[in-house]
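>>> Give me the fold of what follows.
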Amino acid sequence: MENLQELYPDKKIFFSTNTEFFDLINDNPFVYKVIPYSESFENLYLLEGQNNHEGLFDIAFLPHCMTQKTYSYTHNGKDKNQFKLQ
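Just a heads-up that it's a prediction; the model follows:
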């Protein structure tokens, strides 16, 4: 989470997980808010938007969904990376 905060210092970082794991994340100083996980969050277009749908977040990372079924990398051209390219 610290790395994400460094990449996106002007963003609030939300973390989604099952409620039984909230206590593991709640005290993280780099997480703005923990929200209950929902299967609908596996739809990156719902989270980031597409066409007329604005989306719920600017960028959503889905590290648990790395399959051909689910896109985990579109981010509407707003994402950054941790590498310093020259």
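
>>> any weak-confidence spans in the chain?
Applying pLDDT under 70 to the chain picks out residues 63-86.

>>> the strands in it, which residues?
Per DSSP state E, the chain carries strands over the ranges 14-17, 33-36.

>>> Tell me which of those lies nearest to residue 58.
strand 14-17 (10.8 Å; Cβ to Cβ). C-beta coordinates here come from the backbone N, C-alpha and C atoms, glycine included.

>>> Could you export stretch 17-30 as PDB, CA atoms only?
Taking Å, rounded to 0.1, in the frame of the first residue of the first chain, the C-alpha atoms of stretch 17-30 are listed here in PDB:
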ATOM      1  CA  THR A  17     -11.900  -7.700   1.300                       C
ATOM      2  CA  ASN A  18     -14.300 -10.000   3.100                       C
ATOM      3  CA  THR A  19     -15.400  -8.400   6.400                       C
ATOM      4  CA  GLU A  20     -13.700 -11.100   8.500                       C
ATOM      5  CA  PHE A  21     -10.300  -9.600   7.200                       C
ATOM      6  CA  PHE A  22     -11.100  -6.000   7.900                       C
ATOM      7  CA  ASP A  23      -9.000  -6.000  11.100                       C
ATOM      8  CA  LEU A  24      -5.900  -7.000   9.200                       C
ATOM      9  CA  ILE A  25      -6.200  -3.900   7.000                       C
ATOM     10  CA  ASN A  26      -8.000  -1.200   9.100                       C
ATOM     11  CA  ASP A  27      -4.800   0.000  10.800                       C
ATOM     12  CA  ASN A  28      -2.800   0.500   7.600                       C
ATOM     13  CA  PRO A  29      -2.000   4.200   7.400                       C
ATOM     14  CA  PHE A  30      -2.000   4.100   3.500                       C
END
